[in-house]
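Q: sharing a sequence plus its predicted fold:
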Amino acid sequence: MAAATDDYEHYEAVVVGCGPGGAAAAARLADHGVETLVLERGTEAGSKNVSGGLLYAEESAPYTLADLFDGVREEATERPVTDYYIHNVAGNSVKTYELADLHEHDTDWCDAVLRRQMDSWLEARVHEKTSETGGGVLTNVRVNGLLREDSEGRVRPSDESSGRRGGDTASNETAKPSRGPRDGEIVGVTCDELEPIAADLIVAADGVNSELARDAGLMDWEEPDEWFQGVKAVVDMDPEAIDDRFDLEPDEGAAHLFSGDLFDGVRGGGFCYTNEDSLSIGTVFHLDSLVEREAEPHELLDALLTHPLLAGWFKNEYREREYAAKLVPDSKKVAHREPYRDRLVLVGDAAGQMQAQGPIIKGMNHAVTAGALAADAFVAARGDPGSEAAGRRYTTMLEESGTMDKLRPQRYELSRTLGENDAVTNAVERVLESPLGSLAVGNPIADRLLQRAYNSPFLVSMLPDTKTGYVSLPTVIAEEHGKTIHWESDIEPPSLEERIGDLTYDTDVGNPHIELRDESVAASGAAVTACPVSAADFGGGCYRSEVVKTNGTEETLVSLDTQPCVECGTCAIVADTEWEHPRGGKGVDYREG
């Protein structure tokens, strides 16, 4: 390190975030004997994290979480997923396909997880490992930006606020000019609660809303079509009831996916995963489709929860433990091809490493691989000159491991030009809506071919992001091949007000973490419906619209209250805001995650 950093506390490595990616990086660094400090924003790891969530261990991956942490499956995960299905829905008609071939492709094992339990367990193991190298884990610390050294050897925090947008992840070739100066080499991090810390390696594992990725100009929040939004309910259910209603043994688990017409035409789908004594039920939608349809996430979740298909699982007993939401990067469009700058490397969601292609939803496993590879790259590059040696080697390792081909499959790059063309999409939609479409889909041969197609990793990886795959085709499949469910659901999910009221918050009074820059409906009105804790007819959420009368004229304006915020980041994309995380330990505190 340059002498100018001698005034700051220094570690060989600083890892920001103790989710699976950060934990993997820290554990591997400690295995190499690297002095490693881990900074976690939550009261404990997992208190800020949300996932659907299925944790995969791929046979082709260089690392799995079980490789790095003995006993993780026995101590920290839920049920192993042994059964996998997709349900195509049209009203009360449902056609189900088993997805065993797709699920088991390149899969060593797959477990359902709840992030609070798993990540807090990982944190304890990481603290043990890193303490032996002179580091450890500090919680309740928000890393808000980067420490830089300019050409004259002066070290200073970034002049750019962490809440401002950075570079262009759509191309990931050259970052767009930032709003403020970003000159100088990255040599450390700045925090709300601590003095700046210098490091030879900074691992940004701080999630989809990464302050560090944006401060480095490697991430932006410009295009809604580059993101998904996930909303989830954890529903209480006795283990014996899960076994009986899902036809499972105690050491088995099930994953059920849903697509078709039950989500008001929004591109995306639903899921239900069995935990030890609960169900994780949620929806994941393309953010641009949510905005276009002016759909409200909590209502789309309720549409799934109250569908008759789920009534057979609930048996008219519904106890919701927790409501949660998060933003999800679409790796096909934003996974960074060179996820580094100077001493900074990005892993997991911070690097856009979330694979979501049709029924395939994988993120945590790729974060684990990336974190471990980043650690290996740093150790391997110790003798190389230049601050970017570790980053360059990390990028090469991601490519050589096959990770980048999974995140950004070339087949999708080739198919999207034609498949996502409006003229082509409209033509396909017209055929599906015609008698010819029903005839083509409705015969027994087509039924067998469709099941094979759903189970083909090759075809799934090139599936265009259009209404056809998520809504239209599944609806026709259900209409032509589905069985009608004759019972009704009596489930009444909690209201949005009740869901917010059941969440745990430590509100940072007087320090709002989001500033609404433009109150006009044109600039920020989409947040009123797209925010998962807001709604057009609900005044108790983050965003609301109201008519303001001034000098005899009326104008509809948007207002913001950050207290109910679940820190998903949706409004940073669909509204004109200055967005940053709350200070360490403040804001929402998830019990399940």
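A: Thanks, I have the structure now.
Q: what are the buried residues along stretch 382-396?
A: Buried residues in stretch 382-396, counting neighbours by 16 or more other Cβ atoms under 10 Å, are found at Ser387, Glu388, Ala389, Ala390, Gly391, Arg393, Tyr394, Thr395. Where C-beta positions appear, they are placed from N, C-alpha and C, glycine not excepted.
Q: just the endpoints, please. Distance across that stretch?
A: Stretch 382-396 has its terminal residues 16 Å apart, counting by Cα to Cα, to the nearest Å.
Q: show me the buried residues of stretch 382-396 that map onto helices.
A: Ala389, Ala390, Gly391, Arg393, Tyr394, Thr395 (DSSP state H).
Q: confirm Arg156 sits in a strand?
A: Yes - assigned with DSSP: H, G, I helix; E, B strand; the rest coil, Arg156 falls within a strand.
Q: any idea which helix or strand carries the nearest residue to it once chain neighbours are set aside?
A: Leaving out its chain neighbours, the residue that sits closest to Arg156 by Cβ to Cβ, 6 or more residues apart in numbering is Arg148, at 6.2 Å. According to DSSP states H and E, Arg148 maps onto strand 143-149.
Q: show me the contact partners of that strand.
A: 2, 4-5, 8, 16, 39, 41, 155-158, 160-162, 182-192, 196-198, 202, 206, 211-212, 215-216, 344, 580-581 (Cβ atoms under 8 Å, 6 or more residues apart in numbering).
Q: buried subset of those residues as a ChimeraX selection?
A: This is the ChimeraX syntax for the buried subset of those, where burial follows 16+ other Cβ under 10 Å:
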select :4,5,8,16,39,41,155,157,158,160,161,162,182,184,185,186,187,188,189,190,191,192,196,197,198,202,206,211,212,215,216,344,580,581
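Q: which SS class is the nearest residue to Gly584 once chain neighbours are set aside?
A: Beyond its immediate neighbours in the sequence, the residue positioned closest to Gly584 (Cβ to Cβ, 6+ apart) is Asn140, lying 4.0 Å away. The three-state assignment at Asn140 reads coil, by three-state DSSP.
Q: thinking again about what came up before, please identify which of the ones in helices among the buried residues of stretch 382-396 is nearest to Phe378.
A: Here the nearest of these to Phe378, counting by Cβ to Cβ, is Ala390; it sits at 4.3 Å.
Q: show me what contacts the closest one?
A: Applying Cβ under 8 Å, 6+ apart, the residues contacting Ala390 are Leu201, Tyr340, Arg343, Val345, Ala374, Ala377, Phe378, Ala381.
Q: same question, Ser120
A: Residues in contact with Ser120 (Cβ under 8 Å, 6+ apart) are Glu44, Ala45, Gly46, Ser47.
Q: okay, and it sits in which element?
A: With the criterion set as DSSP H and E, the secondary-structure element containing Ser120 is helix 115-131.
Q: look up how far Asp589 lies from the spatially most central residue of the chain.
A: Centroid-nearest residue in the chain: Val328, 3.2 Å away (criterion: Cα atoms, centre = their mean). When Cβ to Cβ, to the nearest Å is the yardstick, Val328 and Asp589 sit 21 Å from each other.
Q: the strand holding Arg148: how far from the chain's middle?
A: Offset of strand 143-149 from its chain centre (Cα atoms, centre = their mean, to the nearest Å): 24 Å.
Q: partners of that strand in the sheet?
A: When pairing is defined by DSSP bridges, strand 143-149 lines up against strand 155-157 (antiparallel), strand 185-191 (antiparallel).
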